[in-house]
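**Q** build me a model from this:
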Amino acid sequence: MLATAIHERQPAVARTFATNGCVPYRCRVTERHQENDDTFTVELEPAGARSHAAFAAGQFNMLYVFGLGEIPISISGDPARPDRLVHTTRAVGTVTRAMATLRRGDMIGVRGPFGSSWPLDDLKGKDIVLVGGGIGLAPLRPALYQLVAQRGDYGRVVLLYGARTPEDMLFRAELERWRSRFDLEIFVTVDRATGDWHGNVGLVTALIPRAPFEPQNAVALICGPEVMMRYAVQALHKRGVGPQQTYLSLERNMKCGTAMCGHCQYGPHFVCRDGPVFRMDQVQRFFGKWEV
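**A** All right, here's what the predicted structure looks like:
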């Protein structure tokens, strides 16, 4: 509604900004779920007649808390259900802490979707290995939805997921449903076992050497803390999965979503425009280098 009102009142330059995704549209919180102590999921619907734009797995939106500012958040919902706009994030800064207080019926601004996506349509027939650390499972979740929906188009689908403790795991009910399927390979580990946890203990990268996939026919999708992704790339390389078979989601330093501010420049790339999903050979010159 806000974008529509500006479109009607302002000259052509304002209309151009609205068309290019520079003006947020108002959305209403329809669902909110606490994933763990500091991480939550919100579901949004447009407040007016406008519909959400279709998105691809791996893309992100800019979410605007009125009066405070906006931040980039990956879409964590099902690409086949663009009417259900879902985001999962941690309450770690001013904007996300304010988002953590939102309840049903509250309003938030949305711009997007932006960025590149996991190239799933180009990977049919391949073994797909998804490696997620902590909240890095959220940007991978739409890819899993698509892989499950088109399960016959791919080889083995393997999810390797690591969290700090069992209490920190995301989407626990879904993980259990995915683990109950015979056509998915789900492996979960925690850095530190608590309570009645009897599963794997250790870093998620330790799962890679024994994961069931064929390296020559595999493609890896990785998202998590940068240090975890660096060691995951190394472990995959030892298994025979090369840079052209490896994709990373580099959600770092994004601020405007349109490559106008330059805040997320990464060598010759802008993460918000050219990423956040990159093939490893596109960024390996800069990946892991301090202050790049």
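
**Q** for G67, helix, strand, or coil?
**A** coil (DSSP: H, G, I helix; E, B strand; the rest coil).

**Q** what's the spacing between A143 and D191?
**A** Distance from A143 to D191, counting by Cβ to Cβ, to the nearest Å: 24 Å. C-beta coordinates here come from the backbone N, C-alpha and C atoms, glycine included.

**Q** now do S116
**A** Between S116 and D191 the computed distance is 30 Å (Cβ to Cβ).

**Q** neighbour count winner among these two?
**A** S116 (20 against 15; other Cβ atoms under 10 Å).

**Q** all helices of the stretch 1-150 of the chain, in order?
**A** Along the stretch 1-150 of the chain, counting by DSSP state H, counting those that start in this stretch, helices occupy 2-9, 12-19, 94-99, 137-149.

**Q** quick check: buried residues in the third one?
**A** Residues 95-96, 98-99 are the ones in helix 94-99 that count as buried (16 or more other Cβ atoms under 10 Å).

**Q** now do the same contact list for P82.
**A** For P82, the contacting residues are 51-55, by Cβ atoms under 8 Å, 6 or more residues apart in numbering.

**Q** next: P209.
**A** So, once contact is read as Cβ under 8 Å, 6+ apart, P209 ends up touching 235, 238-239.

**Q** out of those, who has the most neighbours?
**A** When neighbours are counted by other Cβ under 10 Å, A235 leads the contacts of P209 with 21 neighbours.

**Q** that residue belongs to a helix?
**A** Yes: according to three-state DSSP, the state of A235 is that of a helix.

**Q** now do it against L160, distance only.
**A** Noted for A235: a distance of 10 Å to L160, by Cβ to Cβ.

**Q** pull up the overlap in contacts between the two.
**A** Common contacts of A235 and L160, defined by Cβ under 8 Å, 6+ apart, comprise I208.

**Q** what's the PyMOL line that selects buried ones from the contacts of P82?
**A** Applying 16+ other Cβ under 10 Å to the contacts of P82, the buried members can be selected in PyMOL as follows:
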select buried, resi 52+55
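
**Q** will you turn the contacts of P82 into a markdown table that also has pLDDT and distance to F278?
**A** Supplementary listing: the contacts of P82 in a markdown table, determined by pLDDT from 0 to 100; distance: Cβ to Cβ, whole Å:
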| residue | pLDDT | distance to F278 |
| --- | --- | --- |
| S51 | 82 | 30 |
| H52 | 82 | 25 |
| A53 | 86 | 23 |
| A54 | 92 | 22 |
| F55 | 95 | 18 |
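
**Q** out of the contacts of P82, the closest to S249 would be?
**A** Compare each of these with S249 using Cβ to Cβ and the shortest gap goes to F55, at 14.2 Å.

**Q** just to revisit the earlier point, so which of the contacts of P209 is the closest to D153?
**A** Distances from D153 to the contacts of P209, taken as Cβ to Cβ, are shortest for R239 (23.1 Å).

**Q** let me see the contact set for the closest residue in space to the closest one that isn't next to it in sequence.
**A** Computed as Cβ to Cβ, 6 or more residues apart in numbering, the closest residue to R239 that is not its neighbour in sequence is P215, at 4.9 Å. Residues in contact with P215 (Cβ under 8 Å, 6+ apart) are 239-241.

**Q** among these, which lie within strands?
**A** Residues of the contacts of P215 located in strands (DSSP state E): none.

**Q** reformat these as CSV; add pLDDT and distance to R151.
**A** Output for the contacts of P215, formatted as CSV (pLDDT from 0 to 100; distance: Cβ to Cβ, whole Å):
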residue, pLDDT, distance to R151
R239, 96, 23
G240, 97, 25
V241, 97, 21
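
**Q** would you turn these into TSV with distance to G202?
**A** Compiled in TSV, those are given as follows (distance: Cβ to Cβ, whole Å):
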residue	distance to G202
R239	17
G240	22
V241	20
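
**Q** where helices are concerned, which of those residues count?
**A** Helix and strand membership here follows DSSP state H; of the contacts of P215, those in helices are R239.

**Q** so what does P212 have for phi and psi?
**A** Backbone dihedrals for P212, given as degrees, to the nearest 10, come out at phi -90, psi 90.

**Q** appreciated, that's everything.
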